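**Student:** the following comprises the amino acid sequence and a computationally predicted model.
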Amino acid sequence: MLPNQERKLRVLVVDDSSFMRMVIRSVLEKDPAIEVIGVAMDGVEGVEKALALRPDLITMDIEMPRLDGISALKEIMAKAPTRVLMVSTLTCEGAKATFDALDAGAIDYIPKNVTDSIDAQKAFKEELLRKVKGSGISILGRSTASPFPRIVVPPRPIAVPRPAGQRYQYVGIGASTGGPVAVQEVLGRIPGNFPHGIVVAIHMPKAFTGPYAERLNTKCSLQVKEAKAGDIVQPGVVLVTPGGMHTALVRQGSTVAIRTIATAECPQYIYVPSVDHMLTTFADACNGSLLGVILTGMGADGFKGMKHLKTKGGGTIVQDEATSTIYGMPRACIEGGVADTVLPLTQIGTEITKIAG
């Protein structure tokens, strides 16, 4: 047991690669808050062990013999719902399969990027541990497992009052863990004739944001596309910030445009793309005429951006705890006093339309 007598996070590892099982197990077992209670070599064995061992969390490979990861996930969700992290290849096909898994009930994914590169191996191990421990916070309801520093909340900033009846001209949305499904839910409730531009920043690798934008475009009335440098934020169009880099919004004459920035230029931001950077620059570019929205996600990315937005006179909406997959990002905004409105996920799209429509 841990010194504070709290039980460990019990994890089942499902992967057909003996190397990946070894890597995942060795990374997790080095942490005193985690216990790997079993491993499985394919989806069939994964379902059997999930039902027998009842783990708190499962890491699930997607491509496996006998029964693939998505089929195994669906069986587990039908028989013994469990939090599942998919282990996904960094390819277009891997991205599409990952989004299918998220739709089927997985809470998040871990990009499989274990190559001969020492940097890639280190990044994979860090991401694995961060997401497993971040999920453990919500599963076990404890703060001791958190890999994040405690957020010191400053006094609530004083917002610059906007003229009565004035509506916001732009919408900025940020999310992380649980975000792909949450963003789809929100955008799906906004009509295609929405008169303002929307920018979405969600923590994703470079290979995933393009397929994700294409997926959203088929499921929403709005036009959705992956943002590119120089794109203008236009009414009724959703721009998804590209993975692997940061996105800033800049004033360009009477319009607001996309500017992409290499991560090396902004080393202060841990998460990529940074929600803080997107919202902060967006608020400046449109002089505060922005409705900021923070959805489910671990950590506190978005809090500083929402705080800055409030000082510029912008409005904010935050997802509530009950409907958040991970309450970290919404919680930071709520406890930091920068949430004007707190709503369940299914009401946020309608509220955006009402406030900014």
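**Tutor:** Cool, got the structure.
**Student:** please count neighbours and contacts with C-alpha atoms only from this point.
**Tutor:** Will do.
**Student:** where along the stretch 1-150 of the chain do the helices fall?
**Tutor:** Counting by DSSP state H, counting those that start in this stretch, the segments of the stretch 1-150 of the chain that form helices are 18-29, 43-53, 69-79, 92-104, 118-140.
**Student:** quick one: mean pLDDT for the first one?
**Tutor:** When you say that, I think you mean helix 18-29. Model confidence over helix 18-29 averages 93 on the pLDDT scale.
**Student:** for it, buried residues please.
**Tutor:** Buried residues in helix 18-29, counted by 16 or more other CA atoms under 10 Å: 20, 21, 24, 25, 28.
**Student:** do the same with the third one
**Tutor:** Neighbour counts using 16+ other CA under 10 Å place 69, 70, 71, 72, 73, 74, 75, 76, 77 of helix 69-79 among the buried residues.
**Student:** what separates that helix from the chain centre, distance-wise?
**Tutor:** The gap between the average C-alpha position of helix 69-79 and the chain average comes to 22 Å, counting by CA atoms, centre = their mean, to the nearest Å.
**Student:** so how far is stretch 222-232 from its chain's centroid?
**Tutor:** Taking CA atoms, centre = their mean, one finds stretch 222-232 lying 19 Å from the centre of the chain it belongs to.
**Student:** may I have that stretch as CSV, with CA atoms only?
**Tutor:** Only the C-alpha atoms of stretch 222-232 are listed here, as CSV (Å, rounded to 0.1, in the frame of the first residue of the first chain):
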residue,chain,number,x,y,z
LEU,A,222,-20.7,23.5,-39.9
GLN,A,223,-17.8,23.4,-42.3
VAL,A,224,-14.7,22.0,-40.5
LYS,A,225,-11.1,21.9,-41.7
GLU,A,226,-7.6,21.7,-40.3
ALA,A,227,-6.2,25.2,-40.0
LYS,A,228,-3.2,26.3,-42.1
ALA,A,229,-1.0,29.3,-41.8
GLY,A,230,-2.8,32.3,-43.4
ASP,A,231,-6.3,30.9,-43.1
ILE,A,232,-8.9,33.6,-42.2
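**Student:** nearest to residue 290, out of the helices of the stretch 1-150 of the chain?
**Tutor:** helix 92-104 (28.8 Å; CA to CA).
**Student:** what angle separates that closest one from helix 69-79?
**Tutor:** Using axes from the mean of the first three to the mean of the last three CA atoms, to 10 degrees, the interaxial angle of helix 92-104 with respect to helix 69-79 works out to 0 degrees.
**Student:** follow-up on the earlier one: ok, which of the helices of the stretch 1-150 of the chain comes nearest residue 170?
**Tutor:** The closest approach between residue 170 and any of these, judged by CA to CA, belongs to helix 92-104 at 26.9 Å.
**Student:** what is the mean pLDDT for that closest one?
**Tutor:** What helix 92-104 shows for mean pLDDT is 89.
**Student:** quick one: contacts of it?
**Tutor:** Among residues not part of helix 92-104, those counted as contacts by CA atoms under 8 Å, 6 or more residues apart in numbering are 62, 70, 73-74, 86, 88-89, 108-109, 178, 180-181, 207-208, 211-212.
**Student:** and the most centrally placed residue in the chain, how far from residue 10?
**Tutor:** Geometric centre of the chain, nearest residue: residue 176, 1.3 Å, by CA atoms, centre = their mean. The spacing between residue 176 and residue 10, counted by CA to CA, to the nearest Å, is 23 Å.
**Student:** residue 47 against residue 78, yeah?
**Tutor:** No. When contacts are counted by CA atoms under 8 Å, residue 47 is not listed as touching residue 78 (10.7 Å).
**Student:** which residue ranges form the helices in the stretch 201-350 of the chain?
**Tutor:** All helices of the stretch 201-350 of the chain, identified by DSSP H, counting those that start in this stretch, fall at 206-219, 275-285, 303-311, 328-335, 345-356.
**Student:** what's the closest of these to residue 130?
**Tutor:** Counting by CA to CA, residue 130 lies closest to helix 328-335 out of these; the figure is 12.9 Å.
**Student:** helices or strands up against the closest one?
**Tutor:** Helices and strands in packing contact with helix 328-335 are listed as helix 303-311, strand 315-319; criterion 3 or more CA pairs under 8 Å, 6 or more residues apart in numbering; DSSP states H and E.
**Student:** output those in TSV; the columns should cover distance to residue 265 and mean neighbour count.
**Tutor:** As requested, the helices and strands packed on helix 328-335 are exported to TSV (distance: least, CA to CA, whole Å; neighbours: other CA atoms under 10 Å):
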stretch	distance to residue 265	mean neighbour count
helix 303-311	18	25
strand 315-319	28	26
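**Student:** make a markdown table from the ones you listed and add mean pLDDT to it.
**Tutor:** As requested, the helices and strands packed on helix 328-335 are arranged in a markdown table below (pLDDT from 0 to 100):
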| stretch | mean pLDDT |
| --- | --- |
| helix 303-311 | 97 |
| strand 315-319 | 96 |
